[in-house]
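> Sequence and computational prediction follow.
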Amino acid sequence: MDWRGAFWVASGVPALVLFSIGGIAGTAGKLAFIVWTISMIMGFLQSFTYAEIAGLFPNKSGGASVYGATAWLRYSKLIAPLSVWCNWFAWSPVLSLGCAIAAGYILNAIAPIPAFTDKSPEVVAWLADPTHAGKAAADAITAVTADHTPAIQSFNVLSVAVPGLGTLNFNSTFFIGAALMLIVFAIQHRGILGTANAQKWIGLLVIVPMLIVGIVPLFNGQFHAANVAGPYLPGVDGNVGWTLFLGGLFIAAWSTYGFETAVCYTREFKDPKTDTFKAIFYSGLLCLLLYILVPFTFQGVLGVDGMKDPGIVAGTGVADAMSNMVAAGNVIGKEIFVVLMILALILAIMTAMAGSSRTLYQGSVDGWLPRYLTHTNSHGAPTRAMWTDLVFNLFLLAIASDSAGYYFILAVSNVGYIIFNFLNLNAGWMHRIDSGHVERPYRAPTWLIGLNTILAFVNAMFMGAGAKVWGYSNALWIGFIFAALILPVFAFRHYVQDKGHFPKGALEELGLVGEDLGERKAGILPYLALLAGVAVVLAANLLFQMPPS
């Protein structure tokens, strides 16, 4: 395929704004749209480093983490696979989170839970019952809603508590979400060109309505400037206010930086030298537009309080909100937006499976992950990596099927994403020093490589301060533990399966042959960068605090 195919595969990234638009409003307050704007601009600037290092490897698949990992290989065999691993477990949960939200939409469409008020006859009758004397209207609404909730909404075969992680729920959401994953798997089994063709049409059906929702309310009288005007304090002042703001920037990065997945398909491009840069550049422009416009308009119409509605926070109320924003509040309009939201989520899931499975595949080809992941089918699709993604996400889906586990998965996976981001932005200047002789189809301005190196440490600060914001004080440490799981995985592949040698040809693009990893021209600078990054994370974690519970 050419860069347009990668553009359409990456077109699922803008839909990720809907995963956390409510949650960020709940933490950052009126600053929410500013959080999205800052985060998207940072993501766009950082993409130029990724575009340069991707051009060094026209024969590799797997994305920016693979290209950046090779820069660290000279300095530590352990740091290189850490980048690939963290990028994978950051992207992969899009499958489970997207399927959980989509399953919620499907459940609400086929078996909606009735809405009751204190004036509803059922509520009035419940309060009139002498056995309920002294009860309030809120008690009545809760009881009546429970009595009238369709069985499929409360269906749950089994719940299993997993210490330190949450509860696995094998309920209706889980089974519908699993079916959606299998559908996406079947589409991607045909290879990347078939995936791109499918996503082109789904992408148009999703992107155009997102643009309409972002633009129409600015002119139809529903947008209220007061909702985006100051004061901008996120509910509380001082240290806690900054903690909440940085927490918003932390979780927004998981969405806004995601278009870097456009360079996952370098090996499958017709002309990798030109298609790689075009793919990430034009994907970035699309995201720049939608990630700034949609949160701004949402906040202007709904206000912070409206965006903190439980349905918006969970994602399942976004379709209704979008329908009302374009004055399509009739039943047909709402149903159309429900279908469009499900398509948007499918688009994001397809993007995630395509990218994350290729990360596993290339990590295996380069000798960092187990050999079985190297297999591809007749269409070039890395099917064993896709099966691994699917099985892993069935486990995550069982956690995300309960609303309490949703943001836990999001926060932990984003710890991995920021680790990958830090390593890869530093890989930009490391490749310049160690592999300056290698041809670069695209060369980013040197000042931008330097700026993006600074942004690597800014992201480290976001992670140290912000991971604790999302209801789980231990999310940062669980993220670190999960990142460390690559050590035994890599040790098995490298020292047991490969007897301490890397596969032939793994580093040919850098002019490295055999076991000679080349001169360490950067000296101790990469090690100092790692130490400084860890110091920033720990300092930010200690300095920025949540309010006392």
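Everything's here; your move. Numbering: from 1, shown residues only.
> could you check the distance from Glu335 over to Thr70?
Glu335 sits 49 Å away from Thr70, going by C-beta to C-beta, to the nearest Å. Any C-beta I mention is one placed from the backbone N, CA and C, and that applies to glycine too.
> who's more crowded, these two?
Neighbour count, other C-beta atoms under 10 Å: between Glu335 and Thr70, Thr70 has more, with 26 against 14.
> does that one really touch Pro81, like I thought?
No. Using C-beta atoms under 8 Å, Thr70 makes no contact with Pro81, being 11.0 Å away.
> Going by secondary structure, the closest residue to Thr261 other than its chain neighbours is in what exactly?
Spatial nearest neighbour of Thr261, excluding adjacent residues (C-beta to C-beta, 6 or more residues apart in numbering): Gly355 at 4.0 Å. Assigned by DSSP states H and E, Gly355 falls within helix 331-365.
> And for Ala178, nearest residue in space, chain neighbours not counted?
Excluding its sequence neighbours, the residue lying closest to Ala178 (C-beta to C-beta, 6+ apart) is Leu394, at 6.0 Å.
> Just to be sure, that neighbour is in a helix?
Yes. Assessed with DSSP: H, G, I helix; E, B strand; the rest coil, Leu394 lies in a helix.
> what about it, how many neighbours?
18.
> Could you check how far it is from Leu95?
Leu394 is 9 Å from Leu95, by C-beta to C-beta.
> which residues are common contacts for these two?
Counting by C-beta atoms under 8 Å, 6 or more residues apart in numbering, the shared contacts of Leu394 and Leu95 are Met181.
> Show residues contacting the helix or strand harbouring Val84.
Element membership of Val84, judged by DSSP H and E, is helix 79-91. For helix 79-91, contacts defined as C-beta under 8 Å, 6+ apart pick out 62-66, 68-70, 72-73, 254, 258, 261, 352, 355-356, 359-360, 362-363, 368-369, 413-414, 416-417, 419-420, 423-424, 427, 482-483, 485-486, 489-490, 530.
> So for the helix holding Gly355, what gets flagged as buried?
333, 336-338, 340-365 (16 or more other C-beta atoms under 10 Å).
> and that helix with helix 79-91, angle?
160 degrees (axes from the mean of the first three to the mean of the last three C-alpha atoms, to 10 degrees).
> tell me the average confidence for helix 331-365?
Confidence for helix 331-365, expressed as mean pLDDT, is 76.
> Could you tell me how far that helix lies from the centre of the chain?
Counting by C-alpha atoms, centre = their mean, to the nearest Å, helix 331-365 is centred 11 Å from the centre of its parent chain.
> before we move on, back to that, my guess is the residue nearest to Thr261 contacts Val263. True?
No. Counting by C-beta under 8 Å, Gly355 does not reach Val263; the two are 9.4 Å apart.
> can you count the residues close to the closest residue to Leu476 other than its chain neighbours?
The shortest distance from Leu476 to any non-neighbouring residue, by C-beta to C-beta, 6+ apart, is to Ala467 (3.9 Å). By the criterion of other C-beta under 10 Å, Ala467 has 29 neighbours.
> What are the phi and psi values at Phe544?
Note on Phe544: its backbone torsions stand at phi -90, psi 120 [degrees, to the nearest 10].
> For it, which residues are in contact?
Contact analysis of Phe544 by C-beta under 8 Å, 6+ apart lists Asn239, Trp242, Thr243, Leu246, Gly464, Ala465, Gly466.
> Show me the helices in the stretch 201-350 of the chain, by range?
Remark: helices assigned in the stretch 201-350 of the chain by DSSP state H, counting those that start in this stretch are 238-256, 272-307, 310-314, 318-325, 331-365.
> residue furthest from the geometric center of this protein?
The centre of the chain is farthest from one residue, Pro130, which by C-alpha atoms, centre = their mean lies 51.5 Å away.
> what's the burial count for the closest residue to Lys334 other than its chain neighbours?
Nearest residue to Lys334 in three dimensions, chain neighbours excluded: Ser323, at 4.6 Å (C-beta to C-beta, 6+ apart). Residues within reach of Ser323, counting by other C-beta under 10 Å, total 23.
> shouldn't Ser323 be in contact with Met341?
No. Judged on C-beta under 8 Å, Ser323 makes no contact with Met341 at a distance of 9.7 Å.
> next one: stretch 523-538 to chain centre, how far?
Relative to its chain's centre, stretch 523-538 lies at 25 Å (C-alpha atoms, centre = their mean).
> all strands for this structure, in order.
For the chain, the strands defined by DSSP state E cover 156-162, 166-171.
> Pick the most deeply packed of the ones you listed.
Among these, the stretch with the highest mean neighbour count (mean count of other C-beta atoms under 10 Å) is strand 166-171, at a mean of 19.
> And the pLDDT for Leu538?
The model reports Leu538 with a pLDDT of 95.
> residue contacts, it?
Each residue near Leu538 by C-beta under 8 Å, 6+ apart is listed here: Gly464.
> so what's Leu340 closest to, chain neighbours aside?
Excluding the flanking residues, the one nearest Leu340 by C-beta to C-beta, 6+ apart is Pro209, at 5.1 Å.
> swap that for Trp242, please
Here the residue nearest Trp242, using C-beta to C-beta, 6+ apart, is Phe544, at 6.1 Å.
> What's the separation between the one you found and Val240?
With distances taken as C-beta to C-beta, Phe544 is found 8 Å from Val240.
> try Gly500
Distance from Gly500 to Val240, by C-beta to C-beta: 50 Å.
> List the contacts of Ser255.
Contacts for Ser255 (C-beta under 8 Å, 6+ apart) come out as Val13, Leu16, Val17, Phe19, Ser20, Ser39, Tyr291.
> Out of those, give me the one that has the most neighbours.
The most crowded member of these, judged by other C-beta under 10 Å, is Val13 (29 neighbours).
> got a pLDDT number for that residue?
Value for Val13, per-residue pLDDT: 77.
> Gly500 and Val240: which has the busier surroundings?
Set Gly500 next to Val240 and count neighbours by other C-beta under 10 Å: Val240 wins out with 16 against 9.
> pretty sure that one is touching Val469, no?
No. Between Val240 and Val469 there is no contact under C-beta under 8 Å: 10.0 Å.
> Find residues that contact each of these two.
With C-beta under 8 Å, 6+ apart, Val240 and Val469 have common neighbours Met546.
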